[in-house]
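Student: Next come a sequence and a model predicted from it.
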2 protein chains.
Amino acid sequence: MKRTVFFISDRTGITAEMLGQSLLSQFEEADFEKISLPFIDNEKKALEAKQKIDRAAEQGEAQPIVFDTIVTPEIRKVIMESKGLVFDFFHTFIGPLEDALGLKSGFRVGKTHSYDEKGQYDSRIDAVNFALNNDDGATTRYYDKAELILVGVSRCGKTPTSLYMAMQFGIQVANYPFTEEDMEDLKLPPMLKKYKHKLFGLTIKPHRLHEIRTERRANSQYASLKQCQIEVREVEALMRKEKIPYISTTSKSIEEIATKIMIKSGLKRISF
Amino acid sequence: MKRTVFFISDRTGITAEMLGQSLLSQFEEADFEKISLPFIDNEKKALEAKQKIDRAAEQGEAQPIVFDTIVTPEIRKVIMESKGLVFDFFHTFIGPLEDALGLKSGFRVGKTHSYDEKGQYDSRIDAVNFALNNDDGATTRYYDKAELILVGVSRCGKTPTSLYMAMQFGIQVANYPFTEEDMEDLKLPPMLKKYKHKLFGLTIKPHRLHEIRTERRANSQYASLKQCQIEVREVEALMRKEKIPYISTTSKSIEEIATKIMIKSGLKRISF
C-alpha cells in the first residue's frame, strides 16, 4: 500500500525532511511517495498545499502523512484542516518550551540559517572558500589560518569532509594528501610538522579504496589492491607513530565522519 | 538567566540541532549555552550524558533543556531520568506514526544518510566531485552530464550553491561565470546555448557584490561599485532576453538559494 508523505515548511523544509525521513526509515516494509513543499509562506500557497494533500487523500490508498515545521499560526491552521494526518514538528514543542522558559514565542519565520545572522552566514561561506583554496595540498601557505588539516591517502574522503565541515559547522579545514611517491619512505613533511596539533587523519579499508579508485582509473597501478594496501598500511603506521588522531571513513556517511572529527578534535563550531 | 541546552543523539545529532535551534531562535531574549552530545550509542555514554545534564541542573540558574533524537529505548530511558527537561523529537512521533501505519517501528539507529543506502551515498559524493570538476567554467566538456548549470557574475554564490546542492540533494551542478571581459558585448556563449534548458541564473544586488568583492580585492576595478553595477545589469538583461530563470542570492542563505532553485527548476533530488 503506497502512502504519500508531504514535507511542508514556511522555509527550506530541510529540518522537516530530516526528522521526517528519520522517522519513516524505521518502517522499512512501508512504501512512501515523498513530496516536499518548501516556502509555504502565505495563505494562498497554504491553500494550494492543502489541495494537494486532499487530492492525495481522495486518490490514494491510504491517508497521506504530513510532516511540517510551519511557524506561522495562520498557515499552520490551513494545513491542519487538510485530510492528511499532520505531524507538527514545530508547534508540538513550542508551547511546552514557552512554559519552561516563561517566555512567549515570537513566531518569527526563518531565524535559523538566516541571513540576519550575517556574521555566521559569512563565516560559513568563508570556510567553504578556505576549503576550496586549501584542497588537496594545493598550497600550505595558509595553514596558520586552518583550524584543522585533514591528512590521508588519495580518495579516502578528505575533500567532501572538509567541505561539509565548512558548510555545516563553519570550520576552516585544509587537506593534504600522502601520495604514491611519498610511500617509499613516508615521513611527516616539515611544513606539516609545524602544525602537528591541527592534523587529523582519515583512513579507509584497502578493499574499499580499491573499489573507489577503480571507478576513477580502472586497471591502473594507482587503483590496484596492492597499492591501496601499501598506502593505507604506511599512512596508518605514520599516524600512529606521530600520534595523529585518525578515524576510518569506511562505511560512514560524510555527516558521521564530520561529526566524529568534531568530537575527537574538540573543535568548537561557530555559534549555531 | 543563562540556560544550558543539550542536543543528544545516538547518531550525528544534526537533526536534533536543526529542529532545536529553530525552536530556540523564537526566544530572542533568552540566553542559551548549547552543548552537542552526538553518538550517545551505548548505556555507558548515556550515563555520562545524564551526569552532564544533572551537573548543569545543580550548578546552573535554570533547569537544562534537552533536545534529543535518540532511537534506542534503553538509551532514551537513561536520558529521561536526568534532571533536564527533555524534548524527545523522535519518540514523540514514533508511537502515533506506528498507529497510523499499522506497523511496528524497527527502532533501528542511523537509517538516514546511512552508508547502507550505498547508491545514495555514492551519488552524493559523485555529485560533489562533479561540482568541483566543473566549477567556475573550468571545463564545459561534461555539461552533457550536468543536471543544472548555474550562471552569473563572479562572487554571486555559484560555487557554494553547487556544492550544497550536490551534498544535500545529490544533484550534478556545473557553474559558469560571466566575467569582466564578457561585458562589452554580452551574449550567451555557443557551448551554453546547446544546454540552455539546463541553465539557471544567480544574481545579486550590486552593493552587496561590491562588499563581497572588496573583501577579496579592495580598491580594484573588479570590486568597484560601478563595475558591479555594469555586470549585474548586463547579466540580468541577458537572462531576461534568453529567458533563463534566475533568482537573487542577496539576503538568502545557501539552503534557501538551493531549495528555491530546486522548486523553480523542477529538478528531482535523489531519493531521500
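Tutor: Happy to help now that I have it.
Student: The nearest residue to residue A:78 once chain neighbours are set aside and chain B: what is the separation?
Tutor: Closest residue to residue A:78 in three dimensions, ignoring its sequence neighbours and counting by CB to CB, 6 or more residues apart in numbering or on different chains: residue A:46, at 3.9 Å. From N, CA and C alone the C-beta is placed, and that goes for glycine too. Computed with CB to the nearest CB, to the nearest Å, the distance linking residue A:46 and chain B is 16 Å.
Student: Would you confirm that residue A:46 contacts residue A:81?
Tutor: No. In this structure residue A:46 lies outside contact range of residue A:81 using CB atoms under 8 Å: 9.6 Å.
Student: Among these two, which residue is more densely surrounded?
Tutor: When neighbours are counted by other CB atoms under 10 Å in any protein chain shown, residue A:46 comes out ahead of the other of residue A:46 and residue A:81, with 24 against 14.
Student: which stretch of helix or strand covers the closest residue to residue A:80 other than its chain neighbours?
Tutor: Of all residues beyond its chain neighbours, the one nearest residue A:80 is residue A:86 (5.7 Å), with distances taken as CB to CB, 6+ apart. Using DSSP states H and E, residue A:86 sits within strand A:85-88.
Student: what's residue A:39 in contact with, if anything?
Tutor: Each residue near residue A:39 by CB atoms under 8 Å, 6 or more residues apart in numbering or on different chains is listed here: A:9, A:10, A:11, A:12, A:13, A:45, B:259, B:260, B:263.
Student: Select from those residues the one having the most neighbours.
Tutor: Counting neighbours by other CB under 10 Å, residue A:9 leads those with 28 neighbours.
Student: how near is that one to residue A:101?
Tutor: 23 Å (CB to CB, to the nearest Å).
Student: try residue A:256
Tutor: According to CB to CB, residue A:256 stands 32 Å off from residue A:101.
Student: Same question for residue A:249.
Tutor: Using CB to CB, one gets 40 Å for the distance from residue A:249 to residue A:101.
Student: Which one of those two is surrounded by more residues?
Tutor: Taking residue A:249 and residue A:101 together and counting by other CB under 10 Å, residue A:249 has the greater number of neighbours (25 against 21).
Student: State the pLDDT value of the residue nearest to residue A:78.
Tutor: With respect to pLDDT, residue A:46 has a value of 98.
Student: Give me the below-cutoff pLDDT ranges for chain A.
Tutor: Across chain A, the stretches falling below the confidence threshold (pLDDT under 70) are A:110-121, A:270-272.
Student: mind giving me the domain ranges of it?
Tutor: What automatic domain parsing lists as the domains of chain A is A:2-101, A:118-265.
Student: between these, which gets nearest to residue B:4?
Tutor: When those are compared by CB to CB, domain A:2-101 sits nearest residue B:4, at 12.7 Å.
Student: Now the terminal residues of the closest one, how far apart.
Tutor: When the termini of domain A:2-101 are compared using CA to CA, to the nearest Å, they are 42 Å apart.
Student: same question, stretch A:152-163
Tutor: Here the two ends of stretch A:152-163 are set 16 Å apart, with distance taken as CA to CA.
Student: Give me the contact list for that stretch.
Tutor: Contacts to stretch A:152-163, defined as CB under 8 Å, 6+ apart, come from residues A:128, A:131-132, A:135-136, A:150-151, A:173-180, A:201-204, A:209, A:212-213, A:216, A:222, A:228, A:231-232, A:235, A:246, A:249, A:254, A:257-258, A:261, B:125, B:128-129, B:132, B:163, B:167.
Student: Distance from the chain centre to that stretch, please.
Tutor: Its chain's average C-alpha position is 14 Å from that of stretch A:152-163, according to CA atoms, centre = their mean, to the nearest Å.
Student: residue boundaries of the helices in chain A?
Tutor: Counting by DSSP state H, residue ranges of the helices within chain A are A:14-24, A:43-59, A:73-80, A:91-101, A:118-133, A:158-169, A:190-193, A:206-216, A:225-241, A:254-265.
Student: Nearest to residue B:185 among the ones you listed would be which one?
Tutor: Checking these against residue B:185 by CB to CB gives helix A:118-133 as the closest, at 30.6 Å.
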